[in-house]
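[1] compute the structure for the input listed below.
(one chain, ligands or ions: 1)
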Amino acid sequence: MKNRKSLYRLLACVSLVFILYALVKNYWIDPGAAGFLSRKTGLKRELNLPVWLNVMYVHVGFACLAMASGLINFSNRIFEKSRRFHRFNGYVYLVSVLLVVLTSGYMAPYATGGKISSMGFNALNLIWLFVTTTAFIQIKRKRIDRHRNWMIRSYAFCFTNLLIHLITSLVHHGFGMVYATSYTIGLYGSIALLIIIPEIIIRTKRKEWVIE
Ligand code: HEM
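    Just a heads-up that it's a prediction; the model follows:
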């Protein structure tokens, strides 16, 4: 119980700081994404900047909304207070995920690192859609435990951008690799971690329940 509370607090801190960072950076400090776009080399298709930027704004907005609504729905206190709110907020999360996936689908062909990165993002889109839909189907069938586990798996993908940039920086600055290659490694590394970490959390949680 204590562990679960500490994990939730840690999750809340990381999520809130990241949401604030993403909003300030992308809407205020660098709204033209100049830093990020300057690292795109050898694009196979021409990027329509105004369209790409508008799609990116929608992407960031709904990604932050998914992160916030998901976080709120993991709170036991809020769940116990109002199941109606949990349900409404769940739909906010679902729609946000759909819009992040849709905008991601537009941006994927122009991904930093070329075709391999594009393929990675498309795979990520399909996995996230599958995982989130499964979480939804489970609750429609009233399987609460399974719904919670699939939501843990789904929510992990809200950390995609954070993890990609962390790994990319580590590989680029730490090992001196070219940025585009570091980005591709960051992307595939993130996909692997975002699948593995929730499984560890779910298994640990199960063990705790057996002890309790
Ligand atoms: C809270 C979660 C997320 C946030 C805050 C976020 C934010 C961003 C931002 C700011 C960019 C512009 C470039 C950069 O600075 O990285 C971006 C690009 C992108 N994001 Fe997300 N994103 C999130 C989750 C996702 C997820 C889950 C996917 C895929 C399912 C995704 C797919 C993409 C794609 C394809 C691009 C274009 C990459 C490129 O041009 O190289 N994002 N995202």
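
[2] name the nearest residue to L71, sequence neighbours excluded.
    S15 (4.9 Å; CB to CB, 6 or more residues apart in numbering). Placement of C-beta: from N, CA and C, glycine included.

[3] tell me who's in contact with the one you found.
    M67, A68, L71, C158 (CB atoms under 8 Å, 6 or more residues apart in numbering).

[4] can you pull the contacts of the spatially most central residue of the chain?
    Centroid-nearest residue in the chain: C158, 1.8 Å away (criterion: CA atoms, centre = their mean). By CB under 8 Å, 6+ apart, C158 lies in contact with S15, A63, A66, M67, G70.

[5] show the buried residues in those.
    Among the contacts of C158, those scoring as buried are S15, A63, A66, M67, G70 (criterion: 16 or more other CB atoms under 10 Å).

[6] helix or strand for the fourth one, which one?
    Taking DSSP states H and E as the criterion, the element that holds M67 is helix 49-73.

[7] anything in that helix near the ligand?
    Yes: residues of helix 49-73 contacting the ligand under CB under 6 Å from any ligand atom: M56, H59, V60, A63, C64, M67.

[8] would a markdown table of those with pLDDT be doable?
    Output for the residues of helix 49-73 next to the ligand, formatted as a markdown table (pLDDT from 0 to 100):
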| residue | pLDDT |
| --- | --- |
| M56 | 98 |
| H59 | 98 |
| V60 | 98 |
| A63 | 98 |
| C64 | 98 |
| M67 | 98 |
